[in-house]
Each structure stands twice: as structure tokens, then as C-alpha cells.
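Asker: I would like to see how this sequence folds:
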Amino acid sequence: MIDPERRVLLKHSLEKGVPVAVLARRLKIGRRTIQRWIAAGETDRDVNIADIRYTPRPERPGKLDAYKPLIEERLTQYPELSAVRLYAEVHAAGYTGGMSQLRAFIRRTRPASMVEPAVRFETAPGHQGQVDFAEFRLPWGKRHALLVVLGYSRLLWLRFYERQTMQTLFTGLEESFAFFGGVPHELVFDQMKAVITRDDRAHSGRPVENMEFLRFAAHWGFKARACRPYRAQTKGKVERPIRYVRWSFAYGREFLGDGDLAE
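Answerer: Model prediction:
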């Protein structure tokens, strides 16, 4: 007995005048079988749509399929790897597809973390920069990343140093000024009270102004202040670059030495 799907196809094709020989080739059925169905009136019977069952179309292999095990392995080892980093890795391995299907697969592979939205504040061009150190522990020792971020454009300058000293700060700031092509009117130092103040035993351990730093600021013509008090959700200038350096640059990547950090 002819199944409902073939019955509909045969009836439609015969009404359009398709020859039986052509139908036999398309359906891979003998011509005599089709002629027997026609003679028995099988093609003229009413079709109950409820009896027709369609099977899901088989999935076609995608460009990302060969790299899914690599992505799953990397996310298992480093669950916070960004889609940009994973794209760079699978692209280097030969992936030629786009970013959208990669992002979709990553969303299915790991649950999205809930991130509290940050309320950003804005400053005028050239008015403010923020400065902070971020500590990194590497196989060959501890390194300090000095970050300077322009408040308006979010342009970032970064360099790694072995020690977090006043001389390191001065050298780094001078290099950042050359990189930016100018000096911001104001520099805000995040969690760096020791930069602007120091403990003096002659004053019973009370903090006093760091004259060396104040002379440096006067020489370059910027006003320095500590970022206090503050609300963490409204800063949005230095924290995000530090997070970028930690998670998009350093996380899940192996470095052979200080030369790799400088590149």
C-alpha cells in the first residue's frame, strides 16, 4: 500500500503531467508499481493530513563542528575565556567560520554569568586620566602592570614592571604622556594613597604629603588626587581595563618571560 507522502507527491506530479518513467527514477520505484497504484486508484484516495508524519531534517555539518571539542576543553580548563580569545584560537587552528555561530555555541556550552551593570561617568577630552597598578603572579615571579586610562576616550597605556616603586611610577607616567601625546589636566590614583602621602615617624606615623611626587606633578602640570571616597559601580575607567588585561590578555595564555609581556 502506498504511504500518504508518496500518494500526495504522485497525485501532484501526475496532475502536472510528469511522466511515470520520470517519477519512477525520482522515487526509485519501478514503473509497473506506479502503474499498478494508478490502476488501483491509490493516487485518487483522500489523504488524511493527520496520518502524515515528517521526520526532522538531518543536521548538515557546520564549519564549527570540528572545533567544538577544542572549545569545550578550553572552557572546561578556563571557564571565563572570552569569545574573542576563543575565536582567535580556533581561527589559528583552521576555523574559517564567523563569530556569530561561535558565540551561540559558547552560550549553549556555558551559562552566562550575571554581571551587575556599571553606571559610567564621563569627563571632557584631555581632562582626566586614571592610574592603577595590577599585580600578576607568573611562573618566573611577580610582575606589576601599570595602567593609565584616559577618561574620555578610554585609550589605555600599559607596561609591566618588576617592582612597584616611585621611580617605576614616574618612568611609566612619562612614557604614557609620550604615548598619549599630552598630559591630562588631572590624574586620579585608584587605591594608591602611598603615592600622594607617606608615613613619617617624625609625625607619629601620620600621613604627610609626598613632596617628591608633588614636584613631579608640578613639573608636568597635572593635578593629582586619590580616588576616595568612591562608589565602585560608578567608576568604570580603570577596573574594566584591568579586567581586560587579566581575562582577555593573560588568562589561559602561557608566557615564556618578560619579553612576551612587552610584545
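Asker: and the closest residue to residue 163 other than its chain neighbours, which of the three is it?
Answerer: Spatial nearest neighbour of residue 163, excluding adjacent residues (Cβ to Cβ, 6 or more residues apart in numbering): residue 144 at 6.9 Å. To be clear about C-beta, it is placed using only N, CA and C from the backbone, and glycine gets the same treatment. Recorded secondary structure, residue 144: strand (DSSP: H, G, I helix; E, B strand; the rest coil).
Asker: any idea what residue 144 is bridged to?
Answerer: residue 135, residue 161 (DSSP bridges).
Asker: what about it, neighbour count?
Answerer: Neighbour count for residue 144, taken as other Cβ atoms under 10 Å: 17.
Asker: does it touch residue 132 like I think?
Answerer: No. Using Cβ atoms under 8 Å, residue 144 makes no contact with residue 132, being 10.3 Å away.
Asker: okay, now residue 143: neighbour count?
Answerer: Residues near residue 143, counting by other Cβ under 10 Å, number 19.
Asker: ditto for residue 123
Answerer: 17.
Asker: do the one 10 residues further on as well
Answerer: A count of neighbours around residue 133, defined by other Cβ under 10 Å, yields 20.
Asker: ok, now residue 31?
Answerer: The tally of other residues near residue 31 (other Cβ under 10 Å) stands at 14.
Asker: got it, and residue 28?
Answerer: Using other Cβ under 10 Å, residue 28 is surrounded by 6 other residues.
Asker: equivalent analysis for the one 4 residues further on, please.
Answerer: Other residues near residue 32 come to 10 when the count uses other Cβ under 10 Å.
Asker: host element of it?
Answerer: helix 31-39 (DSSP states H and E).
Asker: CA atoms only: put that helix into CSV for me.
Answerer: Output of helix 31-39 as CSV, limited to C-alpha atoms (Å, rounded to 0.1, in the frame of the first residue of the first chain):
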residue,chain,number,x,y,z
ARG,A,31,7.3,1.9,-13.3
ARG,A,32,5.0,-1.2,-13.0
THR,A,33,4.5,-0.5,-9.3
ILE,A,34,3.4,3.1,-10.0
GLN,A,35,1.1,1.9,-12.9
ARG,A,36,-0.4,-0.6,-10.5
TRP,A,37,-1.1,2.1,-7.9
ILE,A,38,-2.7,4.2,-10.5
ALA,A,39,-4.9,1.3,-11.8
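Asker: buried sites along stretch 78-94?
Answerer: Buried residues in stretch 78-94, counted by 16 or more other Cβ atoms under 10 Å: 81, 83, 85-87, 89-90.
Asker: repeat that for stretch 142-154.
Answerer: So stretch 142-154, judged by 16+ other Cβ under 10 Å, has buried residues 143-151.
Asker: tell me the mean pLDDT over that stretch?
Answerer: For stretch 142-154, the mean per-residue pLDDT is 84.
Asker: I would like the residues contacting it, please.
Answerer: Here stretch 142-154 makes contact (Cβ atoms under 8 Å, 6 or more residues apart in numbering) with 122-136, 155-164, 168-169, 172-173, 176, 180, 184, 187, 237-238, 241-242, 245, 258, 261.
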